[in-house]
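>>> sequence first, predicted coordinates after that:
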Amino acid sequence: MKIKNTIYNIVAVLISMAHFIPFYILVTVALKPKTDMSSRWLFPTTIDPDNFVQAVERAKILNAMRDSALITAVSVVVVAFLGAMAAYPLARMKHRFNSTILKLVLGVMMIPPLSMLVPLVTLMSRLGGVSTYWGIICVLVTFQLPLSIFMYVNFIDSIPRELDEAAEIDGCSRFMIFYRIILPLLKPVTATVIILTGVFIWNDYQFSLYLLQSNQIRVVTLAVASFFGQSAANFGAAAAGALLAVVPVIVAYLALQRYFVKGMIDSAGK
């Protein structure tokens, strides 16, 4: 038993190191001056803030973080709200129509977003949604809703139906049952939805590249990508911008981590 636990611990350490190494390289490249030609594996002996200055002044990374924060916050709230509202009847009313709807929702999750990119951009261009907040938010919400609904449905299935029945006896409507009884119990899965959806939207590049064609709205992924040109690339400034951009994601995860694992397990358990 001790040998097995030791092997598990070694594997866990190796997996953790595999995830930590890219972050370590990101930090070393961001802190090194351009004149430092040593290996990226070596931590810099002198720290140069010039890369961060370029990320802020040239790529406007702080403005990009503001735009990304706005898009992410609005999208996450809409995804969580609509996902929970849609999942409640799908989980509680078991009949053929709802079962078909749920299967369609799961089917949408299997479609690669890139396969719909051309008609999507064409449609948004005709609607005037290119280079607008509402356009990119609508697209991101649409592609994140299926996962949200799937997780909420599985979580609500684990909540005893007796709670609904007791509330009905007390005279509550379906909406009041959801608002007063079910919604407060959704905190763990909501935290999971917020983290998964938020990270995806914060890191989105494919939709932002085509739907945010104006410099008036610029997200962090486009700001970091601006340092990679056809002739040369500024890896130090790009690393600095990426390092700044990852801070809000880490803070959000640390704030919600106690709910994250519980929400994942409860949502997938059914």
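Structure received. Residues are numbered from 1 along each chain as shown.
>>> CA atoms for contacts and neighbours, from now on please.
Noted.
>>> what about the protein, any weak spots by pLDDT?
Counting by pLDDT under 70, the chain contains low-confidence ranges at 1, 37-40, 230-231, 258-270.
>>> center of it - which residue?
What sits nearest the mean C-alpha location of the chain, by Cα atoms, centre = their mean, is residue 199, with 2.3 Å.
>>> distance of that one relative to residue 10?
29 Å (Cα to Cα, to the nearest Å).
>>> can you check residue 171 too?
57 Å.
>>> could you pull out the helices for this structure?
2-31, 50-57, 61-92, 96-109, 117-127, 133-157, 162-169, 174-176, 187-202, 206-211, 220-225, 235-269 (DSSP state H).
>>> list the contacts for the residue nearest to the centre of the chain?
Shown in contact with residue 199 (Cα atoms under 8 Å, 6 or more residues apart in numbering): residue 249.
>>> verify the stated contact: residue 90 with residue 97.
No: counting by Cα atoms under 8 Å, residue 90 sits too far from residue 97 to count as a contact (9.3 Å).
>>> looking at the two, which is more packed in?
residue 90 (23 against 11; other Cα atoms under 10 Å).
>>> report the contact partners of the more buried one.
Counting by Cα under 8 Å, 6+ apart, residue 90 touches 98, 99, 102, 153.
>>> any chance of those in CSV, with distance to residue 44 and neighbour count too?
Shown next, in CSV, are these (distance: Cα to Cα, whole Å; neighbours: other Cα atoms under 10 Å):
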residue, distance to residue 44, neighbour count
98, 58, 15
99, 58, 14
102, 53, 20
153, 49, 24
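>>> which of those residues sits closest to residue 54?
If you rank the contacts of residue 90 by distance to residue 54 using Cα to Cα, residue 153 comes first, at 45.9 Å.
>>> wait, the closest one touches residue 88, no?
Yes: contact criterion Cα under 8 Å: residue 153 and residue 88 qualify, at 6.7 Å.
>>> list of residues touching stretch 18-36?
Residues outside stretch 18-36 that contact it (Cα under 8 Å, 6+ apart) are 40-44, 46-52, 235-240, 243.
>>> just give me how far that stretch sits from the chain centre.
How far stretch 18-36 lies from its chain's middle: 24 Å, per Cα atoms, centre = their mean, to the nearest Å.
>>> stretch 45-61 too?
The mean C-alpha position of stretch 45-61 is separated from the chain mean by 26 Å, Cα atoms, centre = their mean.
>>> now do the buried residues in it.
50, 51, 52, 53, 54, 55, 56, 59, 60, 61 (16 or more other Cα atoms under 10 Å).
>>> possible to save the residues you listed as CSV with distance to residue 217?
Below are the buried residues of stretch 45-61 laid out as CSV (distance: Cα to Cα, whole Å):
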residue, distance to residue 217
50, 25
51, 23
52, 21
53, 21
54, 19
55, 17
56, 16
59, 12
60, 11
61, 12
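>>> ok, so of the contacts of residue 90, who is nearest residue 111?
Nearest to residue 111, judged by Cα to Cα, of the contacts of residue 90 is residue 102 at 15.1 Å.
>>> what residues does that closest one make contact with?
90, 150.
>>> next one: it relative to residue 113, how far apart?
19 Å.
>>> next one: residue 209
13 Å.
>>> check residue 27 too.
From residue 27 across to residue 113, the span is 32 Å (Cα to Cα).
>>> who's more crowded, those two?
Set residue 27 next to residue 113 and count neighbours by other Cα under 10 Å: residue 27 wins out with 19 against 13.
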